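Novice: I would like to see how this sequence folds:
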Amino acid sequence: MNVLVPDFDFHRVFIAPWTENLASFGWITLMGFLVTATCGWVGNFLILRRMALVGDAISHSVLPGLAVAFLLSQSRGTLPMFLGALVAGIVATVLIELIHKKSRVKQDAAIGIAFTSLFALGVILINLYAGKGGVDLDQECVLYGEIAFVPLEPMVMVGGQILGPIPVVRMGFVALATALLIALFYKELLVSSFDPALAVSLGISATFVHYALMGWLSVVVVSAFESVGAILVIAMLILPGATATLLSHRLPVMLGLTLLHAALSAVLGIHLALWLDCSPAGAMVVAGTLIFVAAWIFSPSEGLLRRWFRARLEAPAVGSS
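Specialist: This is a model prediction of the structure:
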């Protein structure tokens, strides 16, 4: 008989992953951390620009890119899949901007039109063609990913030393590149995110920064969706930055808190997945959501408890006046 809450085995949930099964769970946890940290760093700037749903659009629009890449190459190899999804993400970005700027349609509506249309096109292409030729392209893997398969991927060897599974090494490279780009173009990203008019007056092309950020967002999403899927990557783009926003108003601190959020989400998500016997990627997102809720309640400046105490303290003063 199925039970709502499985029995809790402390050794299996907390001890075994880091002793008996470290070779597998170590890579899964590292991949979850890299995906959440990288998506979270980019997501901070999307939140500042009030463009969080652009990540949703790009993550869904990769589906037709995957289908077209598969049809052209007749292979599910990493390179054609990556290039196809990347091109689709860039197309989605350009399409959103064209609809928004060349018509009276607002940006949120343009996002909805672009990602639903491209996603539907991808579903049709997969249903019509992807099962032919003896090679199957599984849309469920694209939508939800399977981070648990990461340890089974081929290992990257350099000088006789194992660097790690191919997805982890690729995501690690994207994470380092993201950190480097943010450090090099921090001023441009900061000014153009808060005040595009000021950026133009300082000689910064807000339009170029926007398209560059959207292009790199496509790279990050495509690198992440193989493990966590097109749907869960949306949460990893938004949750870390939203949590950091509740705890600080300084961008450098927010970026650091995003890193902490990613680490806690990955570790707590692994333990939650083992306890509930569920998807590790989904459990990591649930863990990240719980961290967000905790910040929402206990934040020293924006928390619900802080506001409640402030209201209680101000109430007598209002009554006496």
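Novice: need the helices for the stretch 101-250 of the chain, in chain order.
Specialist: Shown for the stretch 101-250 of the chain, the helices assigned by DSSP state H, counting those that start in this stretch span residues 107-125, 139-144, 166-184, 186-194, 196-201, 206-247.
Novice: And stretch 97-107, end to end?
Specialist: 8 Å (C-alpha to C-alpha, to the nearest Å).
Novice: again but with stretch 154-172, I slipped
Specialist: 16 Å.
Novice: Wait, residue 237 touches residue 52, no?
Specialist: Yes. Between residue 237 and residue 52 there is a contact under C-beta atoms under 8 Å: 7.0 Å. All C-beta spots, glycine's among them, are computed from the backbone N, C-alpha and C.
Novice: Determine which member of these two has the greater number of neighbouring residues.
Specialist: Each of residue 237 and residue 52 has its neighbours counted (other C-beta atoms under 10 Å); residue 237 has more, 31 against 17.
Novice: May I have the residues that are in contact with the more buried one?
Specialist: Applying C-beta atoms under 8 Å, 6 or more residues apart in numbering, one finds that residue 237 lies in contact with 39-40, 42-43, 46, 52, 55, 59, 221.
Novice: Go through those residues and name the one nearest residue 105.
Specialist: residue 52 (18.6 Å; C-beta to C-beta).
Novice: which residues does that closest one contact?
Specialist: Shown in contact with residue 52 (C-beta under 8 Å, 6+ apart): 43, 46, 237-238.
Novice: In this structure residue 194 contacts residue 45, no?
Specialist: No. If you go by C-beta under 8 Å, residue 194 and residue 45 don't touch, sitting 10.3 Å apart.
Novice: Now the helix or strand hosting residue 59: buried residues?
Specialist: Residue 59 is part of helix 52-73 when elements are defined by DSSP states H and E. Buried positions in helix 52-73, judged by neighbour count with 16 or more other C-beta atoms under 10 Å: 52-71.
Novice: Ignoring the adjacent residues along the chain, who's closest to residue 95?
Specialist: Counting by C-beta to C-beta, 6 or more residues apart in numbering, residue 95 lies nearest to residue 114, which is 4.6 Å off, once chain neighbours are set aside.
Novice: One more: residue 150?
Specialist: residue 31 (4.9 Å).
Novice: neighbours around that neighbour, how many?
Specialist: Neighbour count for residue 31, taken as other C-beta under 10 Å: 29.
Novice: Now do the helix or strand where it lies, average pLDDT.
Specialist: Residue 31 belongs to helix 22-48 when assigned by DSSP H and E. Throughout helix 22-48, pLDDT has a mean value of 92.
Novice: what's around the closest residue to residue 53 other than its chain neighbours, how many residues?
Specialist: Distance criterion C-beta to C-beta, 6+ apart; nearest residue to residue 53, sequence neighbours excluded, is residue 111 at 5.2 Å. Residues lying near residue 111 (other C-beta under 10 Å) number 24.
Novice: Going by how many neighbours each has, rank residue 194 and residue 45 and give me the top one.
Specialist: Counted by other C-beta under 10 Å, residue 194 and residue 45 do not tie: residue 45 has more neighbours, with 21 against 12.
Novice: Which of the helices or strands spans residue 270?
Specialist: Taking DSSP H and E as the definition, residue 270 sits inside helix 251-276.
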